[in-house]
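Student: Need the 3D shape of this:
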Amino acid sequence: MDKEDFAQNVLAAERTLYAVAKTMLINESDCEDAVGDAVLAAWRKLGFLREEKYFKTWLVRILINECVKRLRRRGDEVSLENAESLPAPEREDYSDLYRAIAALPPKIRAAVLLFYIEGFSEAETSAILKIPRGTVKSRLAAGRKILKERLE
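Tutor: As a prediction, the model looks like this:
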């Protein structure tokens with residue numbers, strides 16, 4: 001992958017990167033810094049990317065690691081295993097659907113965000129969250145059920 005391909009792939013993933021960072025870090029400035037640092041780390045580690053078609057999944061995983069590092073630095077105790085259990089951002093300028101998603105239990109919210117909002121496959125969501133694919137399916141089913149109840 002050359003510089004232009006890298007830049008195009010990063011631009012294509014920009015919205016996803018920001019949404020994931022926002023879910024984990026909440027603070028706008030921290031999100032921007034984490035995304036920038038993740039992109040820089042990805043560029044440096046580009047030789048470790050096995051298949052170009054998994055670039056976005058790989059980049060999101062790097063971003064999650066960067067967010068975890070930032071949370072640790074500011075004193076929030078978090079591990080990679082429970083990174084998806086962080087609180088949802090509070091925003092008043094979003095739709096009822098966004099507020100309903102933000103109110104989901106954290107582990108369910110992470111799966112719903114990655115699969116339904118960001119468009120990752122079950123396998124990619126499983127890899128990003130480092131949980132079995134069956135767990136992703138059960139969290140998505142639970143998320144659909146909760147959202148249906150809250151939005152009716």
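
Student: any idea which helix or strand carries the most centrally placed residue in the chain?
Tutor: The centroid of the chain falls nearest to residue 20 when counting by CA atoms, centre = their mean (3.3 Å). Using DSSP states H and E, residue 20 sits in helix 3-25.

Student: got the CA positions of that helix in CSV?
Tutor: The C-alpha coordinates for helix 3-25 follow below in CSV (Å, rounded to 0.1, in the frame of the first residue of the first chain):
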residue,chain,number,x,y,z
LYS,A,3,0.9,6.8,0.5
GLU,A,4,-2.0,7.6,-1.7
ASP,A,5,-3.8,4.4,-1.0
PHE,A,6,-3.2,4.8,2.7
ALA,A,7,-4.5,8.3,2.7
GLN,A,8,-7.7,7.3,0.8
ASN,A,9,-8.3,4.4,3.2
VAL,A,10,-7.9,6.7,6.2
LEU,A,11,-10.3,9.3,4.7
ALA,A,12,-12.8,6.5,4.0
ALA,A,13,-12.6,5.4,7.7
GLU,A,14,-12.5,8.9,9.2
ARG,A,15,-16.2,9.0,10.3
THR,A,16,-15.9,5.6,11.9
LEU,A,17,-12.7,6.5,13.7
TYR,A,18,-14.2,9.6,15.2
ALA,A,19,-17.3,7.8,16.3
VAL,A,20,-15.4,5.0,18.0
ALA,A,21,-13.1,7.5,19.7
LYS,A,22,-16.1,9.6,20.8
THR,A,23,-17.7,6.6,22.3
MET,A,24,-14.6,5.8,24.3
LEU,A,25,-13.1,9.2,25.2
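
Student: Tell me what angle the helix or strand that it is followed by forms with helix 3-25.
Tutor: Going down the chain from helix 3-25, the next helix or strand is helix 28-44, by DSSP H and E. Using axes from the mean of the first three to the mean of the last three CA atoms, to 10 degrees, the direction of helix 28-44 lies 140 degrees away from that of helix 3-25.
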